[in-house]
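1. next input, structure requested:
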Amino acid sequence: MKAIVYLMHNNGEQLNLWKQYLPSPEVELISIPAEQDLVTVLEKTASANLPSLLLVEMSIQSTTNKLLQASNVCRWCKENQPSIKIIFLTTRQETELNKVEQKWALRQGALCLLPKLNHQNLQSQIDQIYGFLSLNPPKVKIIADVPEITTENIVQSALGGARLLIKKKDFVAAMNQLKEVIRLNRENIEAYLLCGEIYTELKNFEKAVQAYSQAIAIDSQNLLSYYKRGLAYTSLKNYHAAITDFNHLLELQSDQAKPFNARGIARMAIGDIEGARLDYNQAIALDTNYAEAYLNRGMLHYSIGEQTKAREDYDRAVKIDPQYEGSYFAWANNSEIKGLSVF
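-> Numbers count the residues shown, from 1 in each chain. Sure, this is the predicted structure:
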């Protein structure tokens, strides 16, 4: 005849572990919802069907008085069914338990207080319980948790794959991954940002603008979307639109050097020399090792005949980053790349 064990627990994870590992051909485990009164359940159970053991999470409040279920059931068993054994459970780790709690459990009438069940103490706790039932404990085989495959899992996997493919310059395969992300979640901002990155690499700046605009439509506070779209507008020589994006970005956050440098380039292109100078100065103030900002400011100085200042900025840029030695700017070709649109 099977030994019957009643289990009352209000933690879903713990409840599932007990239900998964405690039952055997010799032990039947019956879960009692924490909303029920355990004493009432026992009173309504025929004597022949009463449990041999109760496992009770000790913090669960009684539904009939201000006491704990654990205290109530210990008192009832002592007065009515002293043969029923009781073990208290807790959701805290063994290192978090103290002697006062252990002594309290014993005074109530429990055999012991067991800490939170986990894969490390699973076998020992099963051994204890079967020992109290005078049964040979089974050898526990840990069942590995199988992660649930959700839409979000698929989305994150596809995004990761797209990022790797972009690094490998396999833009067609990366775009196919991003199409799948967008199909599953049209609100995924990162997917549109990565699309914009691909179009920028392909010099298809019109499509890049569309991608970043989609990201902005989803989240009008996304700073990176404004920055990237501003750069795409600059590459399209739509400098006023670029300046508008950089202005909006800097209204939201003004402590980064790159947006000031980028706005400076756009302002320089429309002939706003003083505005560009202020932006380059601010970029350098925020990042004194920003080689590109020194180079851009040097080009500005050169354009207005300030040769000494131009040379100073150019030398500083090269000292910070030797790649600028003999450097020059070539505007990106903005010819349209067709066939990869997801819009």
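2. what about D313, helix or strand, and which?
-> Assigned by DSSP states H and E, D313 belongs to helix 307-320.
3. helices or strands next to that helix in the packing?
-> helix 291-303 (3 or more C-beta pairs under 8 Å, 6 or more residues apart in numbering; DSSP states H and E). Backbone N, C-alpha and C define where each C-beta goes, glycine included.
4. so the helix it packs on versus helix 307-320, what angle?
-> 160 degrees (axes from the mean of the first three to the mean of the last three C-alpha atoms, to 10 degrees).
5. show me the contact partners of the helix or strand hosting A283.
-> Element membership for A283, per DSSP H and E: helix 273-286. Outside helix 273-286, the residues that touch it by C-beta atoms under 8 Å, 6 or more residues apart in numbering are 255-258, 260-261, 263-265, 267-268, 290, 293-294, 296-297, 300, 303-304.
6. change it to 7 Å
-> Identification of contacts with helix 273-286 by C-beta atoms under 7 Å, 6 or more residues apart in numbering yields 255-257, 260-261, 263-264, 267-268, 290, 293-294, 296-297, 300, 304.
7. flag every buried residue along that helix.
-> Within helix 273-286, the residues scored as buried using 16 or more other C-beta atoms under 10 Å are 275-277, 279-280, 282-284, 286.
8. from these, which is closest to V5?
-> Closest approach to V5 among the buried residues of helix 273-286 (C-beta to C-beta): L286, at 66.1 Å.
9. name the element the residue lying closest to L7 once chain neighbours are set aside belongs to?
-> Nearest residue to L7 in three dimensions, chain neighbours excluded: L55, at 4.6 Å (C-beta to C-beta, 6 or more residues apart in numbering). Assignment of secondary structure by DSSP H and E places L55 within strand 53-57.
10. ok now that strand, how far from the chain's centre?
-> A distance of 36 Å separates the centroid of the chain from that of strand 53-57, by C-alpha atoms, centre = their mean, to the nearest Å.
11. now stretch 123-138
-> How far stretch 123-138 lies from its chain's middle: 39 Å, per C-alpha atoms, centre = their mean.
12. outside of it itself, list whatever touches it.
-> Contacts to stretch 123-138, defined as C-beta under 7 Å, 6+ apart, come from residues 3, 21-22, 24, 26-27, 52-53, 85, 87, 111, 114, 117, 140.
13. do that again at 8 Å, thanks
-> Stretch 123-138 has contacts (C-beta under 8 Å, 6+ apart) with 3, 5, 21-22, 24, 26-27, 52-53, 55, 85, 87, 111-112, 114, 117, 139-140.
14. then stretch 300-315?
-> For stretch 300-315, the surrounding residues in contact (C-beta under 8 Å, 6+ apart) are 264, 268, 273, 276-277, 280, 294-295, 297-299, 324.
15. of all those residues, which comes closest to G160?
-> Nearest to G160 among these: Y324, at 34.0 Å, using C-beta to C-beta.
16. wait, the closest one sits on R316?
-> No. Y324 is not in contact with R316 according to C-beta atoms under 8 Å; the separation is 9.8 Å.
17. common neighbours of these two, please.
-> Here Y324 and R316 have A291 as joint contacts, going by C-beta under 8 Å, 6+ apart.
18. which regions of the stretch 101-250 of the chain lie under the pLDDT threshold?
-> Residues of the stretch 101-250 of the chain meeting the criterion pLDDT under 70: 143-148.
19. where do the helices sit along it?
-> Ranges of helices within the stretch 101-250 of the chain are 122-132, 151-167, 171-184, 189-201, 205-218, 223-235, 239-252, based on DSSP state H, counting those that start in this stretch.
20. any chance of CSV for the ones you listed, columns mean neighbour count?
-> What follows is the helices of the stretch 101-250 of the chain, written out as CSV (neighbours: other C-beta atoms under 10 Å):
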stretch, mean neighbour count
helix 122-132, 17
helix 151-167, 16
helix 171-184, 19
helix 189-201, 22
helix 205-218, 21
helix 223-235, 23
helix 239-252, 19
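21. turn these into TSV, including distance to T95.
-> Shown next, in TSV, are those (distance: least, C-beta to C-beta, whole Å):
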stretch	distance to T95
helix 122-132	15
helix 151-167	33
helix 171-184	43
helix 189-201	40
helix 205-218	45
helix 223-235	43
helix 239-252	46
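22. thinking again about what came up before, mean confidence score for the helix or strand following the strand holding L55?
-> Downstream of strand 53-57, the next assigned helix or strand under DSSP H and E is helix 69-80. Mean pLDDT, helix 69-80: 94.
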